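A.B. asks: Sequence plus predicted model, see below.
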Amino acid sequence: MTALATLGRAVLGVLAAIGRVAIFALRTITFFVRPPFYIREFSHALLHIGWLSLPVVGLTAIFTGAALALQIYAGGARFNAEAVVPQIVAIGMVRELGPVLVGLMIAARVTSSIAAEIATMKVTEQIDALITLSTHPMKYLTVPRVLAALIAVPFLVGVGDVIGIFGGYAVATGTLGFNAAAYIKNTVDFLEPLDVVSSLTKGAVFGFFAALMGCYYGMTSGRGAMGVGAATKGSVEAAAVLILAANFVLTGVFFSL
């Protein structure tokens, strides 16, 4: 019975945590349309999440696309199917690798930054000061960051898709002997509008989860340096798991029979 009770407490703890995150997410969404709106905080978050993330997203995408082209060519050579490199690189980057890798990069860079920033504000009682000044912490800290991520991450995913496809193109035409014009034509002809829509939708969902987890763990962090560290670590772990789970669900929604 002791083992059963321990398992039950663990399950109840997980369910309680899910409930707290769901309530936090619903409150954040309801605040989207309720004034006041902090344009300066939103602009700062948009710059931090979008523009300043471009270098790491670009480098990740171009090397992924290049490696993907090499792997597909090597694998296709076993079945005399080397010609499928443009098509598979395009669909692989746009449907899966582009959104997922950008989401994980945002989780590593942005989620951790948001969690550490807000947790430090909590430890140093800056959030208490906001409440004293009649400023709602969620309106001031959470909503601008989540809204900025909803807008910026799909843009980053689109850029990552293009750069990743270009990485495959550069390797295929530079070292694998593909014709440049034929490669581009095969890529354009193979992609469908649904592929692009699914990629950008995934970007929006991943951005929402990444920013939400950073804000949630920052707001609920413990006191002291250990609390800040635990909040930062937990936020990245939770964001990564949610991104991968959401990717599975969205892939099923868009491409299931």
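C.D. replies: Perfect, I can see it now.
A.B. asks: Domains in the protein, by residue range?
C.D. replies: According to automatic domain parsing, the chain comprises the domains 1-30, 39-252.
A.B. asks: Return the set of buried residues in the first one.
C.D. replies: Neighbour-count burial for domain 1-30 flags 21, 24-25, 28 (criterion: 16 or more other Cβ atoms under 10 Å). For every residue, glycine as well, the C-beta is placed using N, CA and C.
A.B. asks: now these as JSON lines including distance to Leu101?
C.D. replies: Formatted as JSON lines, those follow (distance: Cβ to Cβ, whole Å):
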{"residue": "Val21", "distance to Leu101": "24"}
{"residue": "Phe24", "distance to Leu101": "26"}
{"residue": "Ala25", "distance to Leu101": "24"}
{"residue": "Thr28", "distance to Leu101": "25"}
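A.B. asks: Okay, now the unreliable bits of the stretch 1-150 of the chain?
C.D. replies: 1 (pLDDT under 70).
A.B. asks: if I read this right, Asp161 contacts Thr60, doesn't it?
C.D. replies: No. If you go by Cβ atoms under 8 Å, Asp161 and Thr60 don't touch, sitting 11.9 Å apart.
A.B. asks: Now Ala152. Nearest residue, chain neighbours left out?
C.D. replies: Gly50 (3.3 Å; Cβ to Cβ, 6 or more residues apart in numbering).
A.B. asks: The one you found: neighbour count?
C.D. replies: Applying other Cβ atoms under 10 Å, we find 22 residues neighbouring Gly50.
A.B. asks: cool, Gly177 as well?
C.D. replies: If you count neighbours by other Cβ under 10 Å, Gly177 ends up with 9.
A.B. asks: What separation is there between the residue nearest to Ala152 and Pro154?
C.D. replies: 10 Å (Cβ to Cβ, to the nearest Å).
A.B. asks: And Tyr216, by the same measure?
C.D. replies: Distance from Tyr216 to Pro154, by Cβ to Cβ: 21 Å.
A.B. asks: same check, this time on Phe254
C.D. replies: Taken as Cβ to Cβ, the span from Phe254 to Pro154 is 15 Å.
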